[in-house]
Structures are given as structure tokens and as C-alpha cells.
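S.K.: fold the following, please.
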Amino acid sequence: VGLDAARGLALFGMIAIHILPAYSPFTGRPTIIWDLFAGNAAALFALLAGISVALMTGANNPHKGRRLRRSRVSLAIRALIILLLGLALDEMRLRVYNILPYYGLMFLLAIVFTGMRIRSLLIWGGAFVILGPLAVYLVNSNMEYTVPTNPDFTSLFTMPQDTLITLVVGGIYPVVTWMAYICVGLALGRMNLRWLLTQARLILFGLLLLAASTFISTFLIDQLGGFENLYLYTDGYDEEDIIDTLDYGPDGHLPTDTLWWLAISAPHTNTPFSLLRSLGAALLLLGVMLIVSRAMSNVITPLIAAGSMALTMYVTHLMLFVAFGDQIRANPVWWFVGQIIVLFLLATFWKAAFGRGPLERVISDVCKWSSRKLVPTNVDDQQVDVESAADSQPTATIETESAPPSEEGRSDNVDKDKEGEVQ
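M.R.: Sure, this is the predicted structure:
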């Protein structure tokens, strides 16, 4: 329930960023919605994606042997479906950035990390935070390529190299940096997220990471000569252009005239400080929603319902942009309020009547059927299941003492059958 609530909040944030103005017409400054959700809502989605991968591969009792192979096959099929769905949606010339193609590719690459321990996952997450932005900087400094706004089948077949470079290093959600969220999410999914202590630590570490990354970045830019160097060495940028980039991110690629650009923390700039800032915000929001859902799950039922079928809701949101793009741009506030009310109420009624969302159900059924056909169950698997259940009994006892089990049952964190769809 807590993970669904966090996913619902991420969905709310992405809808808000897509529809509402980024700045106030009265002050010319970023709105509070922009400051709260720009880059952070998508980062929360990616973090939750990593947690979902962990849940699909055994949570804090990781699958082994044939079970792990079956889980990896299921994960690969899921990744391909989401990737193809994202490319198909982008054929409709969306007016907003679509995370699904990147998301599908991240799911596919996550298979490599499913057998790692928590410490290794956190080390890899740190490596993506540090080395990923350098890779983006080097590629953009030394290569010329066309970046499709939203990669689709047309761009994939007409300029395959440019499209792949966009997905890996050049797009708004480049895999080489956003895998940091997947790795950290995988590590979190291997922990016991039901424990109140774990949830409190998420809030504490999130706050510290958010504050430290923002402070260090600001200090470098304002006090140690960063702004002056950005102004001196960046061709075609004046003071206002630099300020706008610091507030809203670049229009296209981040300039590569000077390495000082890697010191900023603006949303979607894919710098180390930007990644750490969004990761801190995502950890903070996740911890808050896990705690809130413990005591107020009935109050936030629409948020939980929308989060339980976030893929269906996200695709519906994109389709509304296709059908009513001009009207949405003309009246953003009313369309935002209308979409939130309609989508969240629709999700609430659907969940009460049918349970899982339609896209979530179809993808889950296809993945389960395919993985069982490709990696059949045998007698040894059943024995492993019994032994794993026995090994997990002490953990289950501790959980019962610290927090009552939710109605979703089997997993230490959430229902494994749910296999949390994103976005």
C-alpha cells in the first residue's frame, strides 16, 4: 500500500509537471510545483521501478537457480513490452516527454543487477551518479547526433544510431545516469520496507542527501566562481540564459563548453548534483508515503488506487494530451484539476470493482505465462519454495511484531503477484 501511495504521488507530480506552467507570470520565478516535482517525480518513479524489480526477484529473500532464471525471463519480457509500448505512443507526436521507452530499457538492463547484494547495488548506484554524467558530457562534447524529442519506431528505423545514443546518453532520461535510481531502488527492495525504522531512515537520508547536494552545488556556483566561469566560457549564453538553466534545466543538451556545468543541480541536467538532489527528494517522498500509509491509508485511497495502476493512468494521461493538447495548453489549471479528479476516481472505482489495472493485468499475465513456458517449474523448484518459506519465518515473525501484515500478504514489502507496474 505504501509503495502504491508513493507511485500515486509520482504520477500526480508528473501530470503536474506536464500540464502546469513552470513559472509564475507574476514573479517570473519557478512555481512551488516545479520546485517540488520537476525531475523528482520521474526520479521517484525510477526508484520505485528498482524496488519493483527487487520484489519480482524475491524481495529480501532473493530468488536463486531456476526461480531466478524464470524471474529474469519475466522481467525481460516486461521490459520489451514497456519499451515497445513507449515507442508506439511516441509515434503520436506527444507534446510532453515520455519516460516509457527509457523505462523499458532500464528494466532490461536491471536484469544484470538482480543477483547482486545490497552493498554492490549501492556501489553501482554511486558509480552511475559519478561516471554517468561524465559519459554524457564526453559523448555530447565529441559526437554530433540528432536527438528525437521522443524516440519512436520511425526514428529507430530511420536513424537507429542516433535513437540508441539518445536512449542511452542523450535523452532527458538517459539510461547511463538514471540506472542510479534503479540500483538504489533494487537495494531498497532487498531491505524490509515495512519496518518503521527503515521508513524513518529513508526520510532522514533523503533530507540529508537533498540538503547536501543542493548546498554544495549552490556554494560551488555562487561562491567558488562557478557562475563567472559559466558566463566566460559558454558561447551564446548571457546571465539570464545561465539563470534560466539553473532554474529549469537546458533547452536541449547541457552546454559542454566547460566542466563547471557539471556542478549545477537543476532538474533533468543529469549532473552528479542533479541526480543526488532528485534521489534525496525521491527517498524523502518514499519514506513519507510509507509512513503516511500506515495510519491514513483510508484517507489516501485514491492515491493508492492510482498508484496500483500507474501504467494505465500514465498512458491515459498521454492519450489525453494527444486528443486535447491545444485545449490543455490554453487552460492548464482546469485540465490539471480535471485530470487528477477523473483519473484518480476512475482508478479508485476500477480497483474496487476489478482489482489490478487493465494494462497491469495484461502485462503481468503475459509475462507469467511466457516465463513459465520458457522456464518450466519442476519438483526441485517446489522443494526450494518450501525451504525458502521456512528460511523466511524468523523475518516474518519480526515483521509481525513491528508492523501488522497488510492484506497483500505474501511478500515482505508488497504482493509479489502484483509485480508493480510503473508509470
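
S.K.: pretty sure residue 60 is in contact with residue 188, am I right?
M.R.: No - with contacts counted by C-beta atoms under 8 Å, residue 60 stays clear of residue 188, the gap being 10.2 Å. All C-beta spots, glycine's among them, are computed from the backbone N, C-alpha and C.

S.K.: what pLDDT does residue 399 get?
M.R.: Looking at residue 399, its pLDDT stands at 33.

S.K.: what separates the residue positioned nearest the centre of the chain from residue 140, distance-wise?
M.R.: Computing the C-alpha centroid of the chain and ranking residues by C-alpha atoms, centre = their mean puts residue 46 first, at 1.7 Å. Relative to residue 140, residue 46 is positioned 21 Å away (C-beta to C-beta, to the nearest Å).

S.K.: who has more neighbours out of residue 60 and residue 188?
M.R.: residue 188 (23 against 18; other C-beta atoms under 10 Å).

S.K.: am I right that the more buried one is in a strand?
M.R.: No - secondary structure of residue 188 (DSSP: H, G, I helix; E, B strand; the rest coil): helix, not part of a strand.

S.K.: need the contact list for it.
M.R.: For residue 188, the contacting residues are 47, 50, 51, 54, 202, 286, by C-beta atoms under 8 Å, 6 or more residues apart in numbering.

S.K.: is residue 128 in contact with residue 179, as I believe?
M.R.: Yes - counting by C-beta under 8 Å, residue 179 is a contact partner of residue 128 at 4.8 Å.

S.K.: isn't residue 356 up against residue 364?
M.R.: Yes - assessed by C-beta under 8 Å, residue 356 is found in contact with residue 364 at 7.1 Å.

S.K.: on that earlier part again, looking at residue 128 and residue 179 now, which is surrounded by more residues?
M.R.: Set side by side, residue 128 and residue 179 show more neighbours around residue 179, with 25 against 22, by other C-beta under 10 Å.

S.K.: that one and residue 250: what is the separation?
M.R.: Distance from residue 179 to residue 250, by C-beta to C-beta: 21 Å.

S.K.: how about residue 187?
M.R.: 30 Å.

S.K.: who has more neighbours out of those two?
M.R.: Counted by other C-beta under 10 Å, residue 187 and residue 250 do not tie: residue 187 has more neighbours, with 23 against 17.

S.K.: so who does the more buried one touch?
M.R.: By C-beta under 8 Å, 6+ apart, the contact list for residue 187 reads 50, 54, 118, 121, 122, 125.

S.K.: ok, for it, nearest residue in space, not its chain neighbours?
M.R.: Spatial nearest neighbour of residue 187, excluding adjacent residues (C-beta to C-beta, 6 or more residues apart in numbering): residue 121 at 4.0 Å.

S.K.: I figured that neighbour hits residue 182, correct?
M.R.: No - assessed by C-beta under 8 Å, residue 121 is found out of contact with residue 182, at 9.1 Å.

S.K.: tell me, what's touching these two both at once?
M.R.: residue 113.

S.K.: how about residue 291: what's its closest non-neighbour residue?
M.R.: residue 199 (5.1 Å).

S.K.: next, count neighbours for the one you found.
M.R.: With other C-beta under 10 Å as criterion, residue 199 counts 23.

S.K.: doesn't residue 290 make contact with it?
M.R.: Yes - judged on C-beta under 8 Å, residue 199 makes contact with residue 290 at a distance of 4.4 Å.

S.K.: pull up the overlap in contacts between the two.
M.R.: With C-beta under 8 Å, 6+ apart as the test, residue 199 and residue 290 both reach 2, 193.

S.K.: mark which of the contacts of residue 188 are buried, thanks.
M.R.: By neighbour count, with 16 or more other C-beta atoms under 10 Å, those hold 47, 50, 51, 54, 202, 286 as buried.

S.K.: same list (those) but as TSV, adding secondary structure and pLDDT.
M.R.: Output for those, formatted as TSV (DSSP: H, G, I helix; E, B strand; the rest coil; pLDDT from 0 to 100):
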residue	secondary structure	pLDDT
47	helix	97
50	helix	96
51	helix	96
54	helix	95
202	helix	96
286	helix	96
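
S.K.: from those residues, which two are the most distant?
M.R.: Spanning the widest gap among the buried ones among the contacts of residue 188 are 54 and 202, at 14.6 Å by C-beta to C-beta.

S.K.: before we move on, back to that, any idea which of the contacts of residue 188 is closest to residue 161?
M.R.: Scanning the contacts of residue 188 for proximity to residue 161, where the rule is C-beta to C-beta, the winner is residue 50, at 28.2 Å.

S.K.: residue 75 and residue 87, how far apart?
M.R.: From residue 75 to residue 87 the distance is 19 Å (C-beta to C-beta).

S.K.: go on, residue 301?
M.R.: 34 Å.

S.K.: quick one: which of those two has more around it?
M.R.: residue 87 (22 against 18).

S.K.: tell me which element the more buried one is part of?
M.R.: Per DSSP states H and E: residue 87 is located in helix 65-90.

S.K.: and for residue 373?
M.R.: With DSSP H and E as criterion, residue 373 is part of helix 358-374.

S.K.: and for residue 252?
M.R.: Counting by DSSP H and E, residue 252 is found in no helix or strand.
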